[in-house]
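1. A structural model of the following input is requested.
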Amino acid sequence: MRDANGALAFGAETSARADVDALEPIVCGVQDRRKFRRCDTVLVTLAVKSAINSAIVRLTHPHRA
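-> Predicted structure coming up:
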């Protein structure tokens, strides 16, 4: 399915863009307050989202030894 501009309405790229749109302002705000140095905010945002997703999986499906 595509949106009015012809871009995919669903899928990994669309999901990643939504994650970036939601979290990037937080990363930029932290940078603006000089809590950490300048970096690729999209890359950091995707890394944070990946960590969140991993934590959710870990918490809902504990490792069995």
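
2. Surely R38 and Q31 touch.
-> Yes. R38 is in contact with Q31 according to Cβ atoms under 8 Å; the separation is 6.2 Å. C-beta: built from backbone N, CA, C; applies to glycine.

3. Neighbour count for these two, which is higher?
-> For R38 versus Q31, the count of surrounding residues by other Cβ atoms under 10 Å is larger for Q31: 15 against 7.

4. you'd agree the more buried one is up against T41?
-> Yes. Q31 is within contact range of T41, at 7.1 Å (criterion: Cβ under 8 Å).

5. How much space separates C28 from V42?
-> Applying Cβ to Cβ, to the nearest Å, the value for C28 to V42 is 11 Å.

6. pLDDT-wise, which helix or strand of the protein ranks last?
-> The helix or strand of the chain with the lowest confidence, counting by mean pLDDT, DSSP states H and E, is helix 12-32 at a mean of 84.

7. contact partners of the helix or strand following that helix?
-> Per DSSP states H and E, the first helix or strand lying C-terminal to helix 12-32 is helix 41-60. Contacts to helix 41-60, defined as Cβ atoms under 8 Å, 6 or more residues apart in numbering, come from residues 16, 19-20, 23-24, 27-28, 31.

8. Please work out the average pLDDT along helix 41-60.
-> Helix 41-60 comes out with an average pLDDT of 90.

9. Could I get the buried residue list for that helix?
-> Residues 41, 44-46, 49 are the ones in helix 41-60 that count as buried (16 or more other Cβ atoms under 10 Å).

10. and the angle for that helix with helix 12-32?
-> 110 degrees (axes from the mean of the first three to the mean of the last three Cα atoms, to 10 degrees).

11. Centre of the chain to helix 41-60, how far?
-> The chain centroid and the centroid of helix 41-60 are separated by 7 Å under Cα atoms, centre = their mean, to the nearest Å.

12. same check, this time on stretch 52-65
-> That offset, for stretch 52-65, works out to 18 Å (Cα atoms, centre = their mean).

13. separation between T60 and S15?
-> 19 Å.

14. go on, V57?
-> For V57 relative to S15 (Cβ to Cβ), the value is 16 Å.
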